[in-house]
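Visitor: got a structure for you, letters missing:
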């Protein structure tokens, strides 16, 4: 009965590779997010989708491409991975109504060697 | 742009005692929401408490309460009767009250690491 799930939880890869992280929520929410937590624990929004439509696209390299096949899924694809991409990536979801709480997935720790 | 500041990188409290974590924010908006999230070593982000800016009453959730001072733009978290399980990183976060897409994002502070000692 996991609310927001992410796969994989850990990802170790070489520079230059392409990888994807998947996120699924069973809360019936229509808005999903990707946040990045860097090595100093700072969390920053990357993207948000509402009903499969991109609504937030912060200053993120275009090597990062989110995809939302339906409102319960939001995937993150990263091309040509760089050392600086090493971080924890969190997926979250919420209803679109203003002020609603965002619920987070368990995070995916990405290590680029 | 909104900013959130947590000026205490680390705090320590003895079990059963009370501790207050500080958070200040900067915004020109009058309608917004504030949150405290807890991140234990498991890495999971867990909502602790939320406050609507239009509400004058401070939010409480069991041992957790906030002191929301809208004019001072301050939003501190008080943990009473601290328990070992409270040890974690605590993040203060701001969300605009707007209805446009960009308003839905959370802006986080840098976090406060709370240690709980016996």
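Guide: Right, received. Where do you want to start? Fair warning: this is a prediction, and the values are worked out from it, not measured in the lab.

Visitor: partner residues bridging the residue positioned nearest the centre of chain B?
Guide: Central residue of chain B (CA atoms, centre = their mean): residue B:36, 3.0 Å from the mean position. Residue B:36 has these beta-bridge partners by DSSP bridges: residue B:49, residue B:92.

Visitor: Might you report the residue contacts of it?
Guide: Contact analysis of residue B:36 by CB atoms under 8 Å, 6 or more residues apart in numbering or on different chains lists B:21, B:23, B:47-50, B:64, B:66, B:75, B:77, B:90-93. Where C-beta positions appear, they are placed from N, C-alpha and C, glycine not excepted.

Visitor: Excluding chain neighbours, give the residue nearest to residue B:107 in space.
Guide: Among residues not flanking residue B:107 along the chain, residue B:94 sits closest, at 4.7 Å (CB to CB, 6 or more residues apart in numbering or on different chains).

Visitor: Any idea how many residues pack against that neighbour?
Guide: 24 (other CB atoms under 10 Å in any protein chain shown).

Visitor: tell me the phi and psi of it?
Guide: Main-chain dihedrals, residue B:94, degrees, to the nearest 10: phi -120, psi 140.

Visitor: At the contact with chain A, which residues of chain B appear?
Guide: B:33, B:35, B:37, B:39, B:42-47, B:50, B:52, B:89, B:91, B:95, B:97-99, B:101-108, B:110-111 (CB under 8 Å from any CB of the partner chain).

Visitor: Show me just the buried residues among these.
Guide: B:33, B:35, B:37, B:39, B:43, B:45, B:50, B:89, B:91, B:95, B:97, B:101, B:103-108, B:110-111 (16 or more other CB atoms under 10 Å in any protein chain shown).

Visitor: List buried residues within the contacts of residue B:36.
Guide: B:21, B:23, B:48-50, B:64, B:66, B:75, B:77, B:90-93.

Visitor: Serialize those residues to JSON lines and add fields for pLDDT and distance to residue A:67.
Guide: Formatted as JSON lines, the buried ones among the contacts of residue B:36 follow (pLDDT from 0 to 100; distance: CB to CB, whole Å):
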{"residue": "B:21", "pLDDT": "98", "distance to residue A:67": "37"}
{"residue": "B:23", "pLDDT": "98", "distance to residue A:67": "34"}
{"residue": "B:48", "pLDDT": "97", "distance to residue A:67": "32"}
{"residue": "B:49", "pLDDT": "97", "distance to residue A:67": "33"}
{"residue": "B:50", "pLDDT": "95", "distance to residue A:67": "30"}
{"residue": "B:64", "pLDDT": "98", "distance to residue A:67": "37"}
{"residue": "B:66", "pLDDT": "98", "distance to residue A:67": "37"}
{"residue": "B:75", "pLDDT": "97", "distance to residue A:67": "35"}
{"residue": "B:77", "pLDDT": "98", "distance to residue A:67": "36"}
{"residue": "B:90", "pLDDT": "98", "distance to residue A:67": "33"}
{"residue": "B:91", "pLDDT": "98", "distance to residue A:67": "27"}
{"residue": "B:92", "pLDDT": "98", "distance to residue A:67": "31"}
{"residue": "B:93", "pLDDT": "97", "distance to residue A:67": "26"}
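
Visitor: returning to what we had before: please report how far the residue nearest to the centre of chain B lies from chain A.
Guide: 11 Å (CB to the nearest CB, to the nearest Å).

Visitor: Can you find the helix or strand in chain A with the smallest mean pLDDT?
Guide: strand A:53-57 (a mean of 87; mean pLDDT, DSSP states H and E).
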